[in-house]
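Novice: 3D model of this:
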Amino acid sequence: MALTPSGNLDLTSGPPPPEDHRHKEEMATIPPNDTERFDLVAASLYTPVLGDVLDAIGRTHQFLPAAVQPLLPTMIVVGRAMPVLVGDVFGTPAKPFGKLTEALDALQPGDVYLARRGRLDCAAWGEIMTAAARARGAVGAVIDGYHRDTDQVLDQKFPVFSRGGYGQDSAVRGSVLDYGIPLEIDGVQITPGDLIVGDRDGVLVIPAALEDEVLARALDKASAENQVRHAIEQGMSTTEAFATYGVL
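Specialist: Residues are numbered from 1 along each chain as shown. All right, here's what the predicted structure looks like:
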């Protein structure tokens, strides 16, 4: 008990109210180390829930075109964008393949080779490129275009996403113009170092500046979705589940 300077009982005194830890408890912990972070995303998250969170914060155009799909449905890629710009050529260029070899040699551990294609239909990924990327420690390739050497690529157990298999070579049709630069694919902005996540439902780009927030919110949303599913399986109506948990 305490008195005010005038001698009255101070009803505002006493121990401070307990600190509200709810926000801290709800926010998932995101590892600062990329290897642990990538493992967490691959094990616990998936592109639909990440896309929902991006929509909720106003980033409504982060998925690459729906045609960009994994060679196998079980393939997952999580890593840092290393954007590559591919342009058209008509015949054999003075420097075959342009800056392709330099782009491959620039890959760092944890990188995803992410190529924006030219307009000509030809393969922008194949067996030797897969071997080179693996040797550099890259974790996958995402091609807004075609791949080839499908069996030889699959033998290397390296995640590759593309618009499909097509054997036509790029030597007289495409050339790497630059790499490690910002670019756009169908209006999706990609900056070197952005987080790339791909699975059987597509490939999306998480801007590096928003990454921690998006991952934490996505982990919370994935947990809530599991609760909703369990509640519905136990007999709760969909309407009540949505009103209760706020996710669907």
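Novice: when you work out contacts or count neighbours from here on, use the C-alpha atoms and nothing else.
Specialist: Will do.
Novice: could you check the distance from the closest residue to residue 115 other than its chain neighbours over to residue 72?
Specialist: If you skip the residues right next to it in sequence, residue 115 has residue 84 as its closest partner in space, 4.5 Å away by C-alpha to C-alpha, 6 or more residues apart in numbering. Computed with C-alpha to C-alpha, to the nearest Å, the distance linking residue 84 and residue 72 is 23 Å.
Novice: who's more crowded, these two?
Specialist: Under the criterion of other C-alpha atoms under 10 Å, the comparison of residue 84 against residue 72 puts residue 84 first, with 24 against 13.
Novice: which strands and helices lie in contact with the strand ranked longest in the chain?
Specialist: The single longest strand within the chain, with elements called by DSSP state E, is strand 77-88. Applying 3 or more C-alpha pairs under 8 Å, 6 or more residues apart in numbering; DSSP states H and E, we find strand 77-88 packed against helix 34-44, strand 111-116, strand 140-144, strand 174-179, strand 195-199.
Novice: what's the closest of these to residue 60?
Specialist: Shortest separation from residue 60 across the helices and strands packed on strand 77-88 is recorded for strand 195-199, at 15.7 Å, computed as C-alpha to C-alpha.
Novice: ok, that closest one: who's next to it in the sheet?
Specialist: Taking DSSP bridges as the criterion, strand 195-199 sits next to strand 77-88 (antiparallel), strand 202-206 (antiparallel) in its sheet.
Novice: residue contacts, the residue nearest to residue 115?
Specialist: If a contact means C-alpha atoms under 8 Å, 6 or more residues apart in numbering, then residue 84 has 103, 113-116, 176-181 as its contacts.
Novice: where does it land on pLDDT?
Specialist: With respect to pLDDT, residue 84 has a value of 98.
Novice: hmm, back to that, with mean neighbour count and distance to residue 90 added, can I get the helices and strands packed on strand 77-88 in JSON lines?
Specialist: Converted to JSON lines, the helices and strands packed on strand 77-88 look like this (neighbours: other C-alpha atoms under 10 Å; distance: least, C-alpha to C-alpha, whole Å):
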{"stretch": "helix 34-44", "mean neighbour count": "15", "distance to residue 90": "40"}
{"stretch": "strand 111-116", "mean neighbour count": "26", "distance to residue 90": "18"}
{"stretch": "strand 140-144", "mean neighbour count": "26", "distance to residue 90": "20"}
{"stretch": "strand 174-179", "mean neighbour count": "22", "distance to residue 90": "8"}
{"stretch": "strand 195-199", "mean neighbour count": "25", "distance to residue 90": "32"}
